[in-house]
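Undergrad: after the sequence you'll find the predicted model.
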Amino acid sequence: MTDFTTLTNPCSGVAFSAGITGVGGYLPEGVVTNQMLASRLDTDHDWITSRTGILERRIADESQSTSDLAVEAGSRALRSAANPEVQALVLATTTPDFRCPATAPYVAARMGLGKIPAFDVSAVCSGFLYATSVAVAYVNSGHFDSVLVIAAEKFSTLIDPNDRNTACLFGDGAGSVVISKVPVGTGGQILAHAIHSDGELESLIKVKGGGSRYPLSPHETVNRPRSDYFLGMQGREVFAAATASMSASVSDIISTAGWELDDLDWLIAHQANRRILNLVCKSLDIPPEKACVHLDEVGNTAGASIPLLLAAKSRQFKPGDKLVLTSFGAGATWGALAMTWPALGTIEAP
Ligand code: COA
């Protein structure tokens with residue numbers, strides 16, 4: 001899906017389009033190193049670093065829920081924006097505070113945003129790109145001038161701490177952007193975006209229990225296998241699908257934006273695995289130093305990983321730099337977005 005929709009101010013004749021005007025990220029304080037995992041699981045630091053590039057991850061404590069992470073990240077994004085007024089909130093999360101209701105209205109209330117529309121989007125590791133595409137559509141259609149997008153995950157609640165296949169990979173965190181009307185041609189403009197899904201790949205990454213297909217049961221749940229209620233993943237298949245989907249998405253979005261591959265300044269790819277990033281770069285002949293890396297410090301923070309990466313690496317970017325964002329996640333869902341970097345206020349370190 002390409003969106004070149006622009007609005008024109010009838011008085012000035014200036015054309016406007018959706019762009020990023022604020023960025024924020026938040027990480028919980030608790031650090032879990034590879035050595036800490038190796039002290040209780042059948043794994044070791046060398047295996048984890050050589051297979052994934054991850055050195056440590058942040059895990060929220062018991063008192064923190066997804067909404068707590070979301071409020072922190074969203075508040076930071078608004079503080080970095082010249083205009084903190086927003087008319088809607090879209091929250092991407094796989095780990096809402098409750099199965100019902102959605103978490104976004106509570107986050108909006110806690111942030112003092114008033115009675116604005118606020119809703120959750122569920123697309124796991126592609127959640128940020130999905131939520132952003134909703135915000136971009138709102139702004140490009142003229143429905144709202146400014147929308148707050150937050151991606152927040154307490155993903156550790158989906159992970160069996162005793163499963164070495166997944167416990168080494170994931171962490172908690174939140175990231176946020178403000179999507180507002182910006183004059184066409186100025187920094188921050190979102191030039192193209194595309195999202196995709198393939199439900200045939202549903203079984204690649206899945207939490208089987210707890211939904212309507214296989215509900216929690218006060219009587220039966222305790223007798224069922226523990227793995228029914230935690231994330232299961234077919235690692236090799238996910239690796240291959242993520243590499244292929246993100247490579248194709250990056251290539252497509254670059255041509256949709258009217259750029260050449262050489263024009264790209266920064267690749268902001270979902271932080272799942274360092275080897276996946278390297279292969280995406282290799283397949284497209286992108287110099288690996290253009291791929292921003294944060295997963296060594298935070299692991300895979302699911303939907304939060306892209307905006308967290310933007311916040312963490314913002315000092316590297318100059319206004320006008322050309323960025324491509326891309327992700328792959330459970331569903332399967334994937335996508336990409338092409339943008340230029342905006343001139344922003346101070347972005348706090350996550
Ligand atoms: N420590 C030691 N051994 C481990 C381990 C760990 N933490 N986790 C898994 N293993 C073992 C497995 O049990 C398996 O053993 P087996 O061959 O005896 O069955 C073996 O390592 C798997 O090896 P392999 O398939 O060669 O590993 P890999 O190179 O594919 O790396 C992943 C495994 C999970 C790191 C990799 O497949 C991956 O990153 N996949 C994508 C995951 C992802 O990004 N998910 C989120 C997408 S949004």
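TA: Structure received.
Undergrad: from here on, just use CA atoms for contacts and neighbour counts.
TA: OK.
Undergrad: where along the stretch 151-300 of the chain do the helices fall?
TA: Under the criterion DSSP state H, counting those that start in this stretch, the stretch 151-300 of the chain carries helices at the ranges 164-167, 235-256, 274-284, 295-298.
Undergrad: any part of the last one near the ligand?
TA: What it means is helix 295-298. No - with Cα under 6 Å from any ligand atom as the measure, helix 295-298 is seen stopping short of the ligand, the closest distance being 11.0 Å.
Undergrad: next SSE downstream of that helix?
TA: Scanning forward in sequence from helix 295-298, with DSSP states H and E defining helices and strands, the next element found is helix 305-312.
Undergrad: related to what we said a few turns ago, same list, the helices of the stretch 151-300 of the chain, but as JSON lines with distance to A194, mean neighbour count and mean pLDDT please.
TA: Putting these into JSON lines (distance: least, Cα to Cα, whole Å; neighbours: other Cα atoms under 10 Å; pLDDT from 0 to 100) gives the following:
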{"stretch": "helix 164-167", "distance to A194": "28", "mean neighbour count": "17", "mean pLDDT": "96"}
{"stretch": "helix 235-256", "distance to A194": "7", "mean neighbour count": "19", "mean pLDDT": "98"}
{"stretch": "helix 274-284", "distance to A194": "18", "mean neighbour count": "18", "mean pLDDT": "98"}
{"stretch": "helix 295-298", "distance to A194": "24", "mean neighbour count": "22", "mean pLDDT": "98"}
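Undergrad: mind putting those into TSV with distance to A104?
TA: Listed next are those as TSV, based on distance: least, Cα to Cα, whole Å:
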stretch	distance to A104
helix 164-167	27
helix 235-256	28
helix 274-284	31
helix 295-298	24
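Undergrad: looking at those helices, which is nearest to F16?
TA: helix 235-256 (18.8 Å; Cα to Cα).
Undergrad: stretch 218-233 near the ligand anywhere?
TA: No - contact between stretch 218-233 and the ligand, assessed by Cα under 6 Å from any ligand atom, is absent, since the two come no nearer than 7.1 Å.
Undergrad: send me that stretch as PDB with only the CA atoms.
TA: Once non-C-alpha atoms are left out, stretch 218-233 reads as follows in PDB (Å, rounded to 0.1, in the frame of the first residue of the first chain):
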ATOM      1  CA  PRO A 218     -10.000 -22.900  36.300                       C
ATOM      2  CA  HIS A 219     -10.200 -26.700  36.400                       C
ATOM      3  CA  GLU A 220      -8.200 -27.900  33.400                       C
ATOM      4  CA  THR A 221      -5.400 -25.400  33.000                       C
ATOM      5  CA  VAL A 222      -3.200 -26.700  35.800                       C
ATOM      6  CA  ASN A 223      -3.200 -30.200  34.300                       C
ATOM      7  CA  ARG A 224      -2.300 -29.000  30.800                       C
ATOM      8  CA  PRO A 225       1.300 -28.800  29.600                       C
ATOM      9  CA  ARG A 226       3.000 -25.600  30.700                       C
ATOM     10  CA  SER A 227       4.100 -24.900  27.100                       C
ATOM     11  CA  ASP A 228       0.400 -24.300  26.100                       C
ATOM     12  CA  TYR A 229       0.500 -21.000  27.900                       C
ATOM     13  CA  PHE A 230       3.800 -19.700  26.800                       C
ATOM     14  CA  LEU A 231       5.300 -18.600  23.500                       C
ATOM     15  CA  GLY A 232       6.300 -21.400  21.200                       C
ATOM     16  CA  MET A 233       8.500 -20.700  18.200                       C
END
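Undergrad: flag every buried residue along that stretch.
TA: Residues of stretch 218-233 classed as buried under the neighbour-count rule (16 or more other Cα atoms under 10 Å) are T221, Y229, F230, L231, G232, M233.
Undergrad: contact partners of the least confident helix or strand in the chain by mean pLDDT?
TA: Taking mean pLDDT, DSSP states H and E as the measure, the helices and strands of the chain show their lowest mean at strand 7-8, namely a mean of 72. Outside of strand 7-8, the residues within contact range by Cα atoms under 8 Å, 6 or more residues apart in numbering are V14, A15, F16, S17, N140, S141, G142.
Undergrad: can I get the residues you listed in CSV including secondary structure?
TA: Compiled in CSV, those are given as follows (DSSP: H, G, I helix; E, B strand; the rest coil):
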residue, secondary structure
V14, coil
A15, strand
F16, strand
S17, strand
N140, helix
S141, coil
G142, coil
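Undergrad: of all those residues, which two lie farthest apart?
TA: Applying Cα to Cα across the contacts of strand 7-8, the maximum distance is between V14 and S141, 15.7 Å.
Undergrad: for stretch 75-86, give the mean pLDDT please.
TA: Per-residue pLDDT values over stretch 75-86 give a mean of 97.
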